[in-house]
Each structure stands twice: as structure tokens, then as C-alpha cells.
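*Asks:* prediction below, plus the sequence it came from.
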Amino acid sequence: MAKRSAEEIKFRCKSILNDEQVVRLVKESSTPSAAFDMILEETGDQEKAKSGRWLAILRRDYPDVFSALA
């Protein structure tokens with residue numbers, strides 16, 4: 001499976017980058033799927049959960065880029 005570029009992933013999660021609650025949940029999660037579940041449970045917002053999952057993917061695949069954003 002081809003790895004997505006950091007730019008593509010940043011585009012997919014940009015809507016939640018200023019949401020401190022969601023970013024905190026991503027940092028606390030262990031996996032992208034866990035981030036999705038935690039955000040959905042906390043906010044009830046599926047779109048935020050999807051964006052948070054992408055942010056968690058960014059953290060996993062591009063930790064330096066994630067650190068600069070979050």
C-alpha cells in the first residue's frame with residue numbers, strides 16, 4: 001500500500017488543528033482507530049473524528065511534521 005504524503009494528510013486534518021480538545025485526544029490515543037473512537041465518543045461529531053484519525057496517522061507516519069503542527 002502506498003504511503004500518503006504528509007501534505008495530503010495535513011490537508012485531511014486541517015479542519016481540527018485549532019481544536020484543542022481534539023488535538024489533546026489524538027495525543028492521548030494509541031492508534032488512529034483509537035483516536036477516531038475517542039473523539040467520536042467525546043464530541044459526537046463524525047467529521048471531527050475522521051479528521052482526528054488523519055491527524056493520528058500524521059503522528060504515526062510523520063512524527064516531526066506532527067510535532068510542528070500540534
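*Replies:* Ah, there it is. What you see is a predicted model; the values in this text were computed from it and never measured. Numbering: from 1, shown residues only.

*Asks:* can you pull up the most central residue in the protein?
*Replies:* Nearest to the mean C-alpha position of the chain, by Cα atoms, centre = their mean, lies Leu55 at 2.0 Å.

*Asks:* how about that residue, secondary structure?
*Replies:* helix (DSSP: H, G, I helix; E, B strand; the rest coil).

*Asks:* skipping adjacent residues, who's closest to it in space?
*Replies:* Cys13 (4.1 Å; Cβ to Cβ, 6 or more residues apart in numbering). C-betas here are computed from N, CA, C, even on glycine.

*Asks:* is it true that the one you found touches Val65?
*Replies:* No. Between Cys13 and Val65 there is no contact under Cβ atoms under 8 Å: 10.9 Å.

*Asks:* please enumerate the shared neighbours of those two.
*Replies:* Jointly contacting Cys13 and Val65 under the rule Cβ atoms under 8 Å, 6 or more residues apart in numbering are Leu58.
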